[in-house]
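S.K.: One predicted model, sequence on top.
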Amino acid sequence: MKILVTGGAGFIGSNYIQYMLEKYPNVTIVNLDLLTYAGNVANLAIVENDARYFFVKGDICDAKLVNDLVKDVDTIVHFAAESHVDRSIMDSSSFVHTNVVGTLTLLEAAKNNGNKRFHHVSTDEVFGSLGKNDPAFNESTPYDPRSPYSASKAGSDHLVRAYFHTHGLPITISNCSNNYGPYQFPEKLIPLFVSNLIDGKKVPIYGAGDNIRDWLHVRDHCSAIDRVVHEGKIGETYCVGGNAERTNMQITQIILTAMNMNDEMIEFVDDRKGHDKRYAIDNTKIKAELGWEPSVTFEEGITQTIHWYKENQKWWRDIKSGEYQEYYKKQYSV
Ligand code: NAD
Ligand code: DAU
């Protein structure tokens, strides 16, 4: 098994690489990552000397590089993306470039090198926003993206499916809910709030804090991707969720309580533009067809996660100070 992982220096990609190297003695992983602000080779310090792991710094939009790398692998697992909704509201162009053009570049390389197996990691945000009593998203929910981020991911999903129908490319897609766990960039809700509180800083809740997300531990996401890559039906989409819907206020209260703090640490700030109200995933298909369901309860997962950020302060302090971008240069002597 030789896998090209894109975006493997980010949050989910780095957890996936660690998961795969632990699980499969015979796997080889090539990690193609541009090391944008979100990429951090320190996420992979634990595997960097593993003979089965190779890192390539480069852009998924670089057709020649991508073609050369794809030639040499059996499977592509595609995580690389611009992933933060707030950034997509401020400047959308890099989202279209990486998420749409980058995905197209990978699809072309997969097609031109003997139709390589291609798994695309996508998001539940492509389905839009649910009302409080609406049924959860499933594989038949119509696409209704509402942020530049989710629109660019929707575009990439459509391209992936088009390469299946047009060229017979053996693809699968997973649309996943909000992940949390170790190595998440501290601009996202949970790591931002935990790291702020460790430093005695307030936590900024957008609007009234009543937006709902369905939280999935990142290791469960990795096991779901592994299951889909090995046993998923070609051409199919699988929705992946955590069975853990919580409001942002509930998440904040859980974190505050775990850290022996109170509501005085909350600061209500202006709402996100076009803020999606609720996401929720119906796991029926992946459970019925592939026997996958989340194994980590939200209570266990959030306790472990808060503990991880307390124990790994250098990791996120280096990000907040900018030092993390020097790590690659030191490690690779550039
Ligand atoms: P992330 O922002 O932490 O990491 C993205 C990685 O992609 C970084 O290492 C970055 O350097 C790399 N990258 C960006 N542009 C690149 C380019 N042009 N070429 C090569 N590498 C590039 O993202 P994440 O949270 O780990 O998300 C990974 C994937 O999972 C994304 O496709 C995202 O849409 C999807 N997803 C994320 C979540 C979540 O909750 N985080 C949920 C569902 C789906
Ligand atoms: O649903 C899957 C998606 O989850 C992924 O596709 C995205 O890549 C990922 O970033 C995430 O998107 P969200 O926008 O849901 O995640 P974020 O952590 O940015 O925000 C979670 C909720 O918390 C959301 O309702 C906005 C709110 N929030 C966020 C931040 C950063 C706040 O109230 N305050 C904040 O400071």
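M.R.: Ah, there it is. Ligands and ions are numbered 1, 2, ... in the order given.
S.K.: List phi and psi for Lys57.
M.R.: The phi/psi pair for Lys57 (degrees, to the nearest 10) reads phi -90, psi 120.
S.K.: same check, this time on Trp215
M.R.: Main-chain dihedrals, Trp215, degrees, to the nearest 10: phi -90, psi 130.
S.K.: Quickly list what it is bridged to.
M.R.: Per DSSP bridges, residues listed as beta-bridge partners of Trp215: Asn178.
S.K.: what's the burial count for it?
M.R.: By other C-beta atoms under 10 Å, 26 other residues sit near Trp215. Quick note: C-beta positions are derived from backbone N, CA and C, even for glycine.
S.K.: same check, this time on Glu289
M.R.: Glu289: 15 neighbours (other C-beta under 10 Å).
S.K.: begin at 434 from here
M.R.: Got it, the first residue is 434 from now on, which makes the last one we talked about Glu722.
S.K.: Quick check: it touching Arg660?
M.R.: No - if you go by C-beta atoms under 8 Å, Glu722 and Arg660 don't touch, sitting 9.6 Å apart.
S.K.: What lies in contact with stretch 712-728?
M.R.: By C-beta atoms under 8 Å, 6 or more residues apart in numbering, the list of residues contacting stretch 712-728 from outside reads 557-558, 560, 562-563, 568-572, 608-611, 645-647, 649-650, 653, 656-657, 660-661, 664-666, 671-678.
S.K.: Can I have the buried ones of those as a PyMOL selection?
M.R.: Entered in PyMOL, the line below selects the buried ones among the contacts of stretch 712-728, by 16 or more other C-beta atoms under 10 Å:
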select buried, resi 557+558+560+562+563+569+570+571+608+609+610+611+645+646+647+649+650+653+656+657+660+661+665+671+672+673+674+675+676+677+678
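S.K.: Now do the same for Lys763: its pLDDT.
M.R.: Model confidence at Lys763, given as pLDDT, is 77.
S.K.: returning to that earlier point: also near ligand 2: which of the contacts of stretch 712-728, exactly?
M.R.: 557-558, 610-611, 646 (C-beta under 6 Å from any ligand atom).
S.K.: So which of the residues you listed is the closest to Val499?
M.R.: Checking these against Val499 by C-beta to C-beta gives Glu558 as the nearest, at 25.4 Å.
S.K.: Next, Ile436: secondary structure please.
M.R.: strand (DSSP: H, G, I helix; E, B strand; the rest coil).
S.K.: Could you pull up the contacting residues of it?
M.R.: Contacts of Ile436 by C-beta under 8 Å, 6+ apart are 453, 460-463, 506-510.
S.K.: so what's the nearest residue to it once chain neighbours are set aside bridging to?
M.R.: Computed as C-beta to C-beta, 6 or more residues apart in numbering, the closest residue to Ile436 that is not its neighbour in sequence is Thr508, at 4.8 Å. Beta-bridge pairing of Thr508 under DSSP bridges involves Ile436, Arg550.
S.K.: how close does Thr508 sit to Met694?
M.R.: Taking C-beta to C-beta, to the nearest Å as the measure, Thr508 falls 45 Å from Met694.
S.K.: neighbour-wise, which of those two wins?
M.R.: Between Thr508 and Met694, counting by other C-beta under 10 Å, Thr508 is the more crowded of the two (18 against 14).
S.K.: who's in contact with the more buried one?
M.R.: 434-437, 549-552, 662.
S.K.: Kindly indicate which of the residues you listed lies nearest Asn629.
M.R.: In terms of C-beta to C-beta, no member of the contacts of Thr508 lies closer to Asn629 than His552, at 34.6 Å.
S.K.: Give me the neighbour count for the closest one.
M.R.: His552: 23 neighbours (other C-beta under 10 Å).
S.K.: so what's it scoring on pLDDT?
M.R.: So His552 comes in at 99 (pLDDT).
S.K.: Make sure I have this right: it is in a helix.
M.R.: No - in this structure, His552 is strand, not part of a helix, as judged by three-state DSSP.
S.K.: Quick check: which element contains the nearest residue to Asn532 once chain neighbours are set aside?
M.R.: Excluding its sequence neighbours, the residue lying closest to Asn532 (C-beta to C-beta, 6+ apart) is Ser585, at 3.8 Å. Ser585 belongs to helix 581-600 when assigned by DSSP states H and E.
S.K.: Same check on Lys753?
M.R.: Assigned by DSSP H and E, Lys753 falls within helix 746-754.
S.K.: Please identify the buried residues of that helix?
M.R.: 748-749, 751-752.
S.K.: Next, the residues that contact that helix from outside, please.
M.R.: So helix 746-754 is contacted by 473, 475, 616, 618-619, 624, 628, 631, 742, 756-757, 760 (C-beta under 8 Å, 6+ apart).
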